[in-house]
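Student: take a look and give me a structure for this.
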Amino acid sequence: MEEQLYGREKEAKLIESYLQSGRSEFVAVYGRRRVGKTFLLRQVLDKHLCFSFTGMANTTGTEQLRNFNLTLRQYRPDAPVCANWQEAFVALQRFLDRVKRETKVVLFDELPWMDTPKSHFLSAFEHFWNAWASARSDIKLFVCGSAASWMLDNVINSHGGLHNRVTHEMLLQPFTLGECRSYLHARRFGYSDKEVAECYMVFGGIPYYLSLLDKEQSLAQNIDRLFFSPTGELRNEKENLFRSLFRHSEDYTAVINALSAEVKGLTRSQLLDATKLNNNALFGKRLDELEKCGFIRRYEDYSSRQRQTVFQLTDPLCHFIHSVAEKNRHHDEEFWSHSQLSPMYNTWAGLAFEILCLNHIAQIKQALGISGMQTSVYSWRTPADAGRGAQIDMVIDRADRCVNVCEMKFCREEYELTRLESERLEHRLYSFMRYAEPRKSLRLTMITPFGIKQNTHSHLVQNEITITDLLK
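Tutor: Here you go, the predicted model:
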């Protein structure tokens, strides 16, 4: 089982601890589509399960209830036919009362699909937990679902009958770069560290996407097959992804499309202008949900002598689809292979590598030896009236009064600092010192795949971080 759960050892241990807690538990697991929620729960819970039910997508309440009746009869052949969800949960209670186990584990997979219009599923489910299960010490109730907005509204942040009833919530995150490498190497892929990084820059550490890769094909061939062939499994993944995660998915898609077009990010007011959505609490909720599911981040941008909150796309797959897949207007089935030396590839790779770095701040801090130190991570630009402008995409402001000014560069070999590039970097450092932090020590930090080539300009760099560091 350990090999099958690469990257999920911590979550598996937590679930095992919940099973042994000595009290009833209500555990809500959520996360984006394809991240491995069901796989994790079934791998850990399989031998403990007393009852498991999976909701059906895009069907009626009558069909959901019929499916529940059929499932319950697999566990208890004499179970009554239930006419509504209240009767269904009473029947489930009676079945669990008859189970001769000290701990009774129940799994509801794709819980949001069960809540069909006018079905009263949620009120019956709330009553099942509040009036029966929570009063016992032997019920371990696990629920999960990809519809993140439903899970957050109705279970985790519920203001109704389930308010503060969840004993544990678990947001399942994509694999890190290091976990991607472990997964691929365990399956005998011969990818180099650079290819593993490029794989992450396309698929974003989503286990299901990695499972679609064929080890007999190169990475470029795999990407062509999955995105650009007529039967490619990921041809329509962006649309399917947001429809499965969020109700009113068009609002979320509008935000993602706007941020895809502005790679450095947009403020809330700029996002409202770009999306034409209403400026209300619901818009803020959409942003919160996208951030919690890992599609975007919010960061502090110091410009115009004021601190502004900026929202930026940090999902590699969405960036790849916008920057590459949607550019294949001639339906070339080998579009990616044919684009390896193109300006489009270079533009995509530079920004995708920045996203990879932004998703691995913990690894960057570890490489700098400051894992336990309090830091602020933000972007910075010179004020609009400062004359010649300068921009720094990642600043790590440290509690020890040092600042790491980070430059992220993707290249196929060691990065060579030219005279012109060194002058640009010196101007950025000078501008930051003048307008932002004149009393702190600055350390120019280069983050590249293979490090810096030593020459007459490389002395400018105080810290080097490579793919090897990001893989830890």
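Student: can you pull out the helices in the stretch 201-350 of the chain?
Tutor: 207-211, 219-223, 237-245, 249-261, 268-275, 281-292, 316-323, 335-338, 343-358 (DSSP state H, counting those that start in this stretch).
Student: quick one: mean pLDDT for the third one?
Tutor: Over the span of helix 237-245, the pLDDT mean works out to 87.
Student: so which elements touch it?
Tutor: Helices and strands touching helix 237-245, by 3 or more C-beta pairs under 8 Å, 6 or more residues apart in numbering; DSSP states H and E, are helix 249-261, helix 316-323. To be clear about C-beta, it is placed using only N, CA and C from the backbone, and glycine gets the same treatment.
Student: just name the most buried of those.
Tutor: helix 316-323 (a mean of 22; mean count of other C-beta atoms under 10 Å).
Student: sorry, back to before: make JSON lines from the helices of the stretch 201-350 of the chain and add distance to Gly372 to it.
Tutor: What follows is the helices of the stretch 201-350 of the chain, written out as JSON lines (distance: least, C-beta to C-beta, whole Å):
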{"stretch": "helix 207-211", "distance to Gly372": "30"}
{"stretch": "helix 219-223", "distance to Gly372": "36"}
{"stretch": "helix 237-245", "distance to Gly372": "34"}
{"stretch": "helix 249-261", "distance to Gly372": "32"}
{"stretch": "helix 268-275", "distance to Gly372": "33"}
{"stretch": "helix 281-292", "distance to Gly372": "25"}
{"stretch": "helix 316-323", "distance to Gly372": "28"}
{"stretch": "helix 335-338", "distance to Gly372": "41"}
{"stretch": "helix 343-358", "distance to Gly372": "20"}
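Student: deepest-packed of those helices, please.
Tutor: helix 316-323 (a mean of 22).
Student: other SSEs contacting it?
Tutor: helix 193-203, helix 237-245, helix 249-261, helix 343-358.
Student: out of these, flag the one nearest Ser441.
Tutor: With C-beta to C-beta as the criterion, Ser441 lies closest to helix 343-358 of these, at 21.9 Å.
Student: show the average pLDDT along that closest one.
Tutor: Helix 343-358 shows a mean pLDDT of 96.
Student: for that helix, the distance to its chain's centre please.
Tutor: In this view, helix 343-358 has its centroid 18 Å away from the chain centroid, taken as C-alpha atoms, centre = their mean, to the nearest Å.
Student: can you check stretch 76-89 too?
Tutor: On C-alpha atoms, centre = their mean, the centre of stretch 76-89 falls 38 Å from that of its chain.
Student: what about it, start to end distance?
Tutor: Terminal residues of stretch 76-89 lie 14 Å apart, using C-alpha to C-alpha, to the nearest Å.
Student: which parts of it are buried?
Tutor: Of the residues in stretch 76-89, 76, 79, 82, 85-86, 88-89 count as buried by neighbour count, 16 or more other C-beta atoms under 10 Å.
Student: ditto for stretch 392-406
Tutor: 392-398, 402-406.
Student: can you tell me what sits against that stretch?
Tutor: With contact meaning C-beta atoms under 8 Å, 6 or more residues apart in numbering, stretch 392-406 is reached by 264, 354, 357-358, 361, 364-365, 368, 370, 373-381, 407-408, 428-429, 432, 437, 439-447, 463.
Student: what ranges do the strands span in the stretch 101-250 of the chain?
Tutor: For the stretch 101-250 of the chain, applying DSSP state E, counting those that start in this stretch gives strands covering 104-109, 139-145, 168-171.
Student: with mean pLDDT, distance to Asn328 and mean neighbour count as extra columns, can I get those in JSON lines?
Tutor: Putting the strands of the stretch 101-250 of the chain into JSON lines (pLDDT from 0 to 100; distance: least, C-beta to C-beta, whole Å; neighbours: other C-beta atoms under 10 Å) gives the following:
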{"stretch": "strand 104-109", "mean pLDDT": "98", "distance to Asn328": "35", "mean neighbour count": "21"}
{"stretch": "strand 139-145", "mean pLDDT": "96", "distance to Asn328": "33", "mean neighbour count": "24"}
{"stretch": "strand 168-171", "mean pLDDT": "94", "distance to Asn328": "33", "mean neighbour count": "17"}
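Student: okay, which residue is most central for this protein?
Tutor: Gly294 (3.6 Å; C-alpha atoms, centre = their mean).
Student: end to end, how far does stretch 274-285 reach?
Tutor: End-to-end for stretch 274-285, by C-alpha to C-alpha: 17 Å.
Student: pLDDT of that stretch, averaged?
Tutor: Per-residue scores along stretch 274-285 average to 94.
Student: could we number from 321 for the rest of this?
Tutor: With the count now opening at 321, the last piece we talked about shows up as stretch 594-605.
Student: any residues touching that stretch, and which ones?
Tutor: Residues outside stretch 594-605 that contact it (C-beta under 8 Å, 6+ apart): 571, 574-575, 578, 581-582, 586, 588, 591-592, 606.
Student: now for the least confident helix or strand in the chain by mean pLDDT, which elements pack on it?
Tutor: When the helices and strands of the chain are scored by mean pLDDT, DSSP states H and E, strand 616-623 comes last with a mean of 81. Packing contacts for strand 616-623, counted by 3+ C-beta pairs under 8 Å, 6+ apart, involve helix 569-581, helix 601-612, strand 626-633, strand 695-701.
Student: picking up where we left off before, between the contacts of stretch 594-605, which is closest to Asp635?
Tutor: Out of the contacts of stretch 594-605, the member with the shortest distance to Asp635 (by C-beta to C-beta) is Val575, at 11.5 Å.
Student: wait, that closest one touches Asp608, no?
Tutor: No: Val575 is not in contact with Asp608 according to C-beta atoms under 8 Å; the separation is 11.4 Å.
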